[in-house]
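In: Got a sequence here, can you model it:
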Amino acid sequence: MTHASRIVWTGNRGEGTAHYRSYDRTWDIAVPGKPVISCSNDPLIGGDPAKMNPEDLLLSALSACHMLWYLHYAADAGIVVKAYEDEPLGIAETGPGGAGRFVSATLRPRITVRAGTNLAEARKIHDRIHEVCFIARSVSFPVTCEPVFTVEA
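Out: Model prediction:
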């Protein structure tokens, strides 16, 4: 299995990288056949806060992978999920030389299930997702999950 992407730097203001401040840290993710995503670096280091940055993309990919496996396992278990929303939180640190890294991530999904759902069973599904989630298995920091359930009225 292979995965491919195309990254196109869009930050050349005419001088290229002639000087540290002569170019923008912007690029497009341009995978053929898919919408272009315009990105920038983290706003803390001069990036455009209106654009996705690598940290946003990694945290979002982690959350989305978890969600997709949750929905799969819920369907297999006969648990009817009516809505799923997550606001994941990544904790990062910057070392003395300026290099950063994530040290942890917490997924905080809010899941609405059909009335009559066994909430203990619905909650237990989260415990086994990191065994199969491609993104969670690929990162080197701990990922925890704090789900909140709502039962459909």
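In: Name the SS class of the most centrally placed residue in the chain, please.
Out: What sits nearest the mean C-alpha location of the chain, by CA atoms, centre = their mean, is S60, with 1.5 Å. When states are read from DSSP: H, G, I helix; E, B strand; the rest coil, the local structure at S60 comes out as helix.
In: next one: I125
Out: At I125 the chain is in helix, as set by three-state DSSP.
In: isn't it right next to V81, touching?
Out: No - because the distance of 9.9 Å does not satisfy CB atoms under 8 Å, I125 is recorded as not touching V81. The C-beta positions use only the backbone N, C-alpha and C, and glycine is treated the same way.
In: max-length strand in this structure?
Out: Longest strand of the chain, by residue count under DSSP state E: strand 100-107.
In: In its sheet, which strands sit next to the helix or strand hosting D28, and in what direction?
Out: Element membership of D28 [criterion: DSSP states H and E] is strand 26-29. In the sheet containing strand 26-29, the strands it pairs with under DSSP bridges are strand 7-9 (antiparallel), strand 37-40 (antiparallel).
In: Contacts for the longest one next, please.
Out: Strand 37-40 is contacted from outside by 10, 24-29, 47-48, 51-54, 57, using CB atoms under 8 Å, 6 or more residues apart in numbering.
In: Ok, the first one next?
Out: Outside of strand 7-9, the residues within contact range by CB under 8 Å, 6+ apart are 26-30.
In: deepest of the strands paired with strand 26-29, which one?
Out: With neighbours defined as mean count of other CB atoms under 10 Å, the strands paired with strand 26-29 peak in mean count at strand 37-40, which reaches a mean of 18.
In: And the helices in the protein?
Out: Shown for the chain, the helices assigned by DSSP state H span residues 54-77, 119-129, 134-138.
In: what is the rounded mean pLDDT of the longest one?
Out: It refers to helix 54-77. With pLDDT averaged residue by residue, helix 54-77 scores 97.
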